[in-house]
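J.: what follows is a predicted protein model with its sequence.
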Amino acid sequence: MRKLLLLLFCFPVLAQKDTTRVLEEVKVYVFEQKRSALNTPDAFVRSADLQRMSSTNFVAALNTMAGVRMEERSPGSYRIAIRGSSLRAPFGVRNTKVYWNQIPFTDAGNNTYISLLEPALYSSLTITKGPSAGIYGAGTGGVLLFESAPRGNSLKAETVYHTLGGIRTAVDLSSENHRLFASFNQQEGYRAQSDLKKQWISYEFHHSFAKELNLDLSAYYVDLTYQTPGGLTKAQFLANPRQARPAAGLFKSAEQQGATFKIKSSGLSARASQVINNRWAWDLSQALQVNNIENPTIRNYEIRHEPNFSTRGVLHRKGKLQSDLGFEYQAGQLNSSTYGNSLGVKGPLQLTQNTNVQQGSLFLQNEYVGLPKWIFTFSGSLNSYWTEYIGNEAIFSPRFAILRKLGDHQSIVAKVAHGFSPPSISELRPSSGEINRTLKAEKGWNHEITYRGKYQKFNWDLSIYQFNLDETIVVRRAADGSDFFTNAGSTTQQGLELSSTWMISPTLSLEQSHTWQNFRFSNGNFLTGTAPYQQATTLFWRHPSGLSLIQNFQFMDYQFLNDANTEQMGSYRLWNTKISYAKKRWTFWAAADNVGNELFSLGPDLNAAGGRFYNTAPGRNYHIGLQLNLAY
């Protein structure tokens, strides 16, 4: 590690001798401000090309980012952990807020169905790491900010064939103000009972009126169905990694019960913004989302109806003291009915649980930029979360940051932020069926120092932090396999993250990310599902003829699978390769994933009953694709 850091800090000296601008200036819109990386006080990562390794999901792109981990239990079943564990998310995304064009996509119950989103739709993704102190609602994990917009007068069509079976095709029709995007994806999967079928259509309208007034409208509908093969014991995993969970005791197999997750989701949103003058601006958004879910599992058959409403508004002021005053409010009616499951057929009604959830925040962010080379940030928010189960819970969360510029190419930031993350509706009302009225919100303080540098051929981002979290929420498993949640006391999460980009030559570049994590419970055990080290290296080669090569390597260290640290999953190494040939109007590519045919579990089930921890990831597999780009 010392050699690595020494190499890192030697590079700025070498880079100063270079007079050729190679790396592009990257600006991010995060925490209501758009600025360059050197002037941003918060830890973040950004991707402008979410499809560079795969156009079917975000896994390949997100797992090259320091401090970020996306897990795939089976196609369509994803979890995201930012600086932490997926202990709170047996499936889905929790404790991480997701926004689409600054409008909440996460529902009022703090659940995000990330598998609904289409990577090809978005022009960029910015991820903030750690507590946001309520600027983007309550949370301790982080925030994903997706951005999409019309691509000018163009038509893009893409088709992908996969050796795992199935086809993905997409059409993207765009004009100056309108965009229509539609896609169809069908995949047979690597394991038994792991088929996926997804249909998406969306429309976006963007228009600028007189007096700097902008209006953005969007609507989408998606129909997603994916089978859930279930976890395997280690013996089953080694004997036949492609099997679904077999029958055991009183429980039938995943195939016999037709274990499947089906969701039909639709959304409508509107956002208006205006620059009043050189000092004042505002934006206001309204959104409606409806999710209808049908989920036959090994144990039962659940049907959910979840309409959600959200609104968000911010008043901006520029000057030496820059201020952002805003609010965010969400409300949802989350209805659930549980039935018996008889070989995939809905049986008698067992339980009905309907509830209303509301959450909101009032926030104020101030930044003083009146001193050369200094930026001072103070922000705070009053966050409130209300359910029929636990009543109202409210807390004030502050965030402080001091940024010091070190010349024109480097900066250092010191930050302290408070996080508040109430339990999601799925944690209060888990699959065990018993409502937990005593579950408390997670609260904690994050202390962090970040050192960044940007030169013409080399840049880096180094962060070191300690997050002390109280009332950590973890998942437990009952003997019948159902999940429930409890507060496990305090955890100490210490981490170091290093990202770098090096333009070796005009045609060759190297990206690296390293993540060190020392996350522990108060009893000294390692936090379940977190690896002490993970690393990603990506080599890009581009030839003027249009030929290009991407070589990606990922290493994931060992991790403990239960809170007692008695079960451990070993480390694994992944090699992924993609070759493309691009001309003006078309691009063809061929890719190989898991070239070394590694046997591993990309999304283990933590604290699983009966030792059923393992969800096998695909072995060596290939895909080819053709994309047409036409301008009119």
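T.: Sure thing, it's come through. Residues are numbered from 1 along each chain as shown.
J.: for the stretch 401-550 of the chain, what spans make up the helices?
T.: Assigned by DSSP state H, counting those that start in this stretch, the stretch 401-550 of the chain shows helices spanning 425-428.
J.: where are the low-confidence patches of it?
T.: Along the stretch 401-550 of the chain, the model assigns pLDDT under 70 to residues 432-433, 479-481.
J.: burial count for Gly570?
T.: 10 (other CB atoms under 10 Å). Any C-beta I mention is one placed from the backbone N, CA and C, and that applies to glycine too.
J.: closest to the centroid, which residue in the protein?
T.: Closest residue to the average C-alpha location of the chain: Ile80 at 5.1 Å, with CA atoms, centre = their mean.
J.: which strands and helices sit next to the helix or strand harbouring that residue?
T.: Secondary structure assignment for Ile80, by DSSP states H and E: strand 77-82. With contacts defined as 3 or more CB pairs under 8 Å, 6 or more residues apart in numbering; DSSP states H and E, the packing partners of strand 77-82 are strand 68-74.
J.: what comes into contact with the strand it packs on?
T.: Here strand 68-74 makes contact (CB atoms under 8 Å, 6 or more residues apart in numbering) with 45, 57-59, 62-63, 78-82, 86, 91, 127, 129, 142, 189, 191, 194, 226-229, 534, 602-605, 615, 617.
J.: output it as CSV, restricted to C-alpha atoms.
T.: Taking Å, rounded to 0.1, in the frame of the first residue of the first chain, the C-alpha atoms of strand 68-74 are listed here in CSV:
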residue,chain,number,x,y,z
VAL,A,68,-19.4,1.0,-4.8
ARG,A,69,-20.6,-2.6,-5.1
MET,A,70,-23.5,-3.9,-7.2
GLU,A,71,-24.5,-7.5,-6.6
GLU,A,72,-26.5,-9.8,-8.9
ARG,A,73,-28.3,-12.7,-7.2
SER,A,74,-29.8,-13.7,-10.5
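J.: could you check the angle strand 77-82 makes with that strand?
T.: Angle between the axes of strand 68-74 and strand 77-82 is 160 degrees (criterion: axes from the mean of the first three to the mean of the last three CA atoms, to 10 degrees).
J.: for Trp386, what are its contacts?
T.: Trp386 touches Val357, Gln358, Gln359, Asn392, Glu393, counting by CB under 8 Å, 6+ apart.
J.: return the set of buried residues in the helix or strand hosting it.
T.: For Trp386, the host element (DSSP H and E) is strand 374-387. For strand 374-387, burial by neighbour count (16 or more other CB atoms under 10 Å) applies to Ile375, Phe376, Thr377, Ser379, Gly380, Ser381, Asn383, Ser384, Tyr385, Trp386, Thr387.
J.: and the strand holding Ile80, what's buried?
T.: Buried, per 16+ other CB under 10 Å, within strand 77-82: Ser77, Tyr78, Arg79, Ile80, Ala81, Ile82.
J.: of those, closest to Gln236?
T.: Checking these against Gln236 with CB to CB, the nearest one is Ser77 at 18.4 Å.
J.: what ranges does the stretch 301-450 of the chain have for its strands?
T.: Ranges of strands in the stretch 301-450 of the chain, per DSSP state E, counting those that start in this stretch, are 301-317, 321-342, 345-368, 374-387, 391-406, 410-421, 442-454.
J.: now Ile624. Nearest residue, chain neighbours left out?
T.: Ala590 (4.8 Å; CB to CB, 6 or more residues apart in numbering).
J.: relative to Gln330, how far out is the one you found?
T.: 44 Å (CB to CB, to the nearest Å).
J.: more crowded one of these two?
T.: Remark: of Ala590 and Gln330, Gln330 carries more neighbours, 24 against 13, as counted by other CB under 10 Å.
J.: quick revisit: could you dump the buried residues of strand 374-387 into CSV and include pLDDT and distance to Gln257?
T.: Formatted as CSV, the buried residues of strand 374-387 follow (pLDDT from 0 to 100; distance: CB to CB, whole Å):
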residue, pLDDT, distance to Gln257
Ile375, 95, 56
Phe376, 96, 58
Thr377, 93, 52
Ser379, 91, 48
Gly380, 92, 49
Ser381, 92, 44
Asn383, 91, 40
Ser384, 91, 40
Tyr385, 90, 35
Trp386, 91, 36
Thr387, 89, 30
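J.: rewinding a little: could you list which of the contacts of strand 68-74 belong to helices?
T.: Val59, Leu62 (DSSP state H).
J.: cross the contacts of strand 68-74 against strands and list the overlap.
T.: Among the contacts of strand 68-74, the ones falling in strands (DSSP state E) are Val45, Tyr78, Arg79, Ile80, Ala81, Ile82, Ile127, Lys129, Gly142, Tyr226, Gln227, Gln534.
J.: looking at the residues you listed, which one is closest to Phe540?
T.: Val45 (17.0 Å).
J.: hmm, that closest one is touching Asn63, no?
T.: No: the pair Val45 / Asn63 is not scored as a contact, 11.5 Å apart, by CB atoms under 8 Å.
J.: now do stretch 517-531: distance to the chain's middle.
T.: 21 Å (CA atoms, centre = their mean, to the nearest Å).
J.: mind listing what's buried along it?
T.: Buried residues in stretch 517-531 (16+ other CB under 10 Å): Gln517, Phe519, Arg520, Phe521, Asn525, Phe526, Leu527, Thr528, Gly529, Thr530, Ala531.
J.: mind listing what the fifth one touches?
T.: When contacts are counted by CB under 8 Å, 6+ apart, Asn525 is found next to Phe560, Asp563, Ala564, Asn565.
J.: switch the cut-off to 6 Å
T.: The contact partners of Asn525, by CB atoms under 6 Å, 6 or more residues apart in numbering, come to Asn565.
J.: now it: how far from Lys443?
T.: Taking CB to CB, one finds Asn525 at 21 Å from Lys443.
J.: cool, and the first one?
T.: From Gln517 across to Lys443, the span is 21 Å (CB to CB).
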